[in-house]
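> Okay, structure incoming, though there's no sequence with it:
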C-alpha cells in the first residue's frame, strides 16, 4: 500500500525551503537521485521519501528498493505533482527528508584537516567546497556565521549529497576561535596575495572567505599566513569554490611538510 502525501507533510516540504524554518525543524531536503544515493550511503537518518515515475525512468529502481528495504516510507506522486513540490528546474522525481546531522564542534575540531567557510554567500560555492573536502579526504568542515546555509537545498545539491559524508558543523567565529587558541595546527587563509601553496603537514585548517570581502579581520589576525594558487596564465582570481578546491588538493598531496 502506497502512502499519500498528507497536507501537513506538504506544508513541511514548503517550510524546509527557508533556512530559519529548516533549522527549527532540524531537517534537510535531499533532492535528486545522486544526492539521495549519497545520503543513503552516508548513513543519513531519513524521515520519508517522495518519488514519481520519472525517478524510475532515470534509473532509480534499485535505489527505491533499497530505501524501502531499509524501512523508509516512500510516498508516490505523479510527475506533475512532484514537480510542484520540487526545488529544481529539471526534477528527477526523487527527494528525501532527512534529519540534519549535528556533530559536536569539539569533535569536528579534533580532525586533522579542516575546512572553514567564512561568509560565503553562494550556496553553490558552499556545496562545491564541501564536495571537494569529501573528495580530498578532509575530516571536517566548519561553516562560520555569515555563511550560506550548508544544509539548504541548493547547497546540498551542489555538494552532490557528499555533505552527508563529511562531518560538518556551524559555529560562530568567537566559539571556534577559543578552540584555535589552544591548538598548534597552522590556520591558513585562501588569498591571492598569499604564499604559493605547497603540500601541508598532517594537521592544518584552511579558511575560504566570502566571494567579495574575503575572510573577516579577526580570522586574518589569527591565521598563521595565507596561501595562494600560482596562476602563470595571468588570471587575477578564481571562483571561491574553484580556488578552495585547488588549494585543498594541493595541501593534501603527498610529500607535505612535517
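Received it, and whenever you're ready, just let me know what you need. These numbers come from a predicted model, not from an experiment.

> Run through the strands of this structure in chain order.
Ranges of strands in the chain, per DSSP state E, are 27-31, 46-51, 74-76, 94-99, 113-118, 140-144, 168-171, 187-196, 204-209, 225-228.

> Output the ones you listed as JSON lines; include the columns mean pLDDT, mean neighbour count and distance to residue 248.
Bear in mind the C-beta positions are built from the backbone N, C-alpha and C, glycine included. Compiled in JSON lines, the strands of the chain are given as follows (pLDDT from 0 to 100; neighbours: other Cβ atoms under 10 Å; distance: least, Cβ to Cβ, whole Å):
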{"stretch": "strand 27-31", "mean pLDDT": "97", "mean neighbour count": "24", "distance to residue 248": "23"}
{"stretch": "strand 46-51", "mean pLDDT": "97", "mean neighbour count": "22", "distance to residue 248": "29"}
{"stretch": "strand 74-76", "mean pLDDT": "97", "mean neighbour count": "18", "distance to residue 248": "36"}
{"stretch": "strand 94-99", "mean pLDDT": "98", "mean neighbour count": "24", "distance to residue 248": "25"}
{"stretch": "strand 113-118", "mean pLDDT": "97", "mean neighbour count": "25", "distance to residue 248": "7"}
{"stretch": "strand 140-144", "mean pLDDT": "97", "mean neighbour count": "24", "distance to residue 248": "11"}
{"stretch": "strand 168-171", "mean pLDDT": "96", "mean neighbour count": "20", "distance to residue 248": "15"}
{"stretch": "strand 187-196", "mean pLDDT": "94", "mean neighbour count": "17", "distance to residue 248": "10"}
{"stretch": "strand 204-209", "mean pLDDT": "96", "mean neighbour count": "25", "distance to residue 248": "7"}
{"stretch": "strand 225-228", "mean pLDDT": "95", "mean neighbour count": "18", "distance to residue 248": "11"}
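
> Export those as CSV, with columns for distance to residue 236.
Formatted as CSV, these follow (distance: least, Cβ to Cβ, whole Å):
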stretch, distance to residue 236
strand 27-31, 35
strand 46-51, 44
strand 74-76, 49
strand 94-99, 39
strand 113-118, 21
strand 140-144, 25
strand 168-171, 30
strand 187-196, 7
strand 204-209, 16
strand 225-228, 11
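
> which one of the ones you listed lies closest to residue 126?
Closest approach to residue 126 among the strands of the chain is made by strand 113-118 (6.1 Å; Cβ to Cβ).

> Packing partners of the closest one?
Other elements packing on strand 113-118 under the criterion 3 or more Cβ pairs under 8 Å, 6 or more residues apart in numbering; DSSP states H and E are helix 123-135, strand 140-144, strand 204-209, helix 240-251.
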